[in-house]
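A.B. asks: Make a model of this:
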Amino acid sequence: MGIEQSAAYCKTCQKQVLIQRTSANHILHLVLSLITFGVWLVIWFLVATDKKPWRCVHCGSDLGGGSHGWGMGGAFFSKKPSLHPKISKDTKKCPKCAELIKLEAKVCKHCGNTFNNDVIKQKQIELINIRALKCKLCGVTFLSADTEIINGKILCPSCFKAKPN
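C.D. replies: Okay, the predicted model is just below:
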């Protein structure tokens, strides 16, 4: 068995972690295909298209992205886990340590930073101003709340290229 590795955000660990999943051992299947004069190619195809889900190497939680027994169809519709946490209407980012915490929190559980009600009101105002954007480079449509702004430019969460704000 081979092992694929990547990086993604784990909701359980609440941080960006190394993720991995097992994949087919293509060298073994090539040898078996040669020995059986190509008969093994059918089995190789079925094994190679059945993708296992991505797992966090720290806590072992399932992060999705597998074919769930549906072979090529499941692998086609599965998505790789996100590299960044999903900012929802119930969360805010701590300005001191940049970790995600609950919107109603008065104190950051990661660094101890205290908040006032102005931060909560600002977050609610930001949610009202959410708009759909389309990246001119890769064509992906995304919400303005799912992006980061670097030097006044919006960063596409798919291709990670900055476009003018």
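
A.B. asks: Would you double-check that Val47 falls in a helix?
C.D. replies: Yes - counting by DSSP: H, G, I helix; E, B strand; the rest coil, Val47 is found in a helix.

A.B. asks: Spit out the contact partners of the nearest residue to it once chain neighbours are set aside.
C.D. replies: Closest residue to Val47 apart from its sequence neighbours, by C-beta to C-beta, 6 or more residues apart in numbering: Ala24 at 4.8 Å. For every residue, glycine as well, the C-beta is placed using N, CA and C. By C-beta atoms under 8 Å, 6 or more residues apart in numbering, the contact list for Ala24 reads 1-2, 44, 47-48.

A.B. asks: Mark which of these are buried, thanks.
C.D. replies: Buried residues within the contacts of Ala24, counting neighbours by 16 or more other C-beta atoms under 10 Å: 44, 47-48.

A.B. asks: how about those in CSV, adding distance to Lys109 and pLDDT?
C.D. replies: CSV is the format used below for the buried ones among the contacts of Ala24 (distance: C-beta to C-beta, whole Å; pLDDT from 0 to 100):
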residue, distance to Lys109, pLDDT
Trp44, 48, 85
Val47, 44, 80
Ala48, 43, 79
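
A.B. asks: Using TSV, lay out the residues you listed together with distance to Leu32.
C.D. replies: Converted to TSV, the buried ones among the contacts of Ala24 look like this (distance: C-beta to C-beta, whole Å):
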residue	distance to Leu32
Trp44	7
Val47	10
Ala48	12
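
A.B. asks: nearest to Leu155, of these?
C.D. replies: Leu155 lies nearest to Ala48 out of the buried ones among the contacts of Ala24, by C-beta to C-beta, at 34.2 Å.

A.B. asks: which ones are touching that closest one?
C.D. replies: So Ala48 contacts 23-24, 26, 29 (C-beta under 8 Å, 6+ apart).

A.B. asks: ok, it to Gln5 distance?
C.D. replies: Going from Ala48 to Gln5 by C-beta to C-beta, to the nearest Å gives 18 Å.

A.B. asks: picking up where we left off before, quick check: the residue nearest to Val47 vs Glu4, distance?
C.D. replies: On the measure of C-beta to C-beta, Ala24 and Glu4 end up 10 Å apart.

A.B. asks: does Ile19 sit in a helix or strand, and which one?
C.D. replies: Using DSSP states H and E, Ile19 sits in strand 15-23.

A.B. asks: what's the next secondary structure element after that strand?
C.D. replies: Using DSSP H and E, the helix or strand that follows strand 15-23 towards the C-terminus is helix 26-35.

A.B. asks: Can you give the contact residues for that next one?
C.D. replies: 2, 39-41, 43-44, 47-48.
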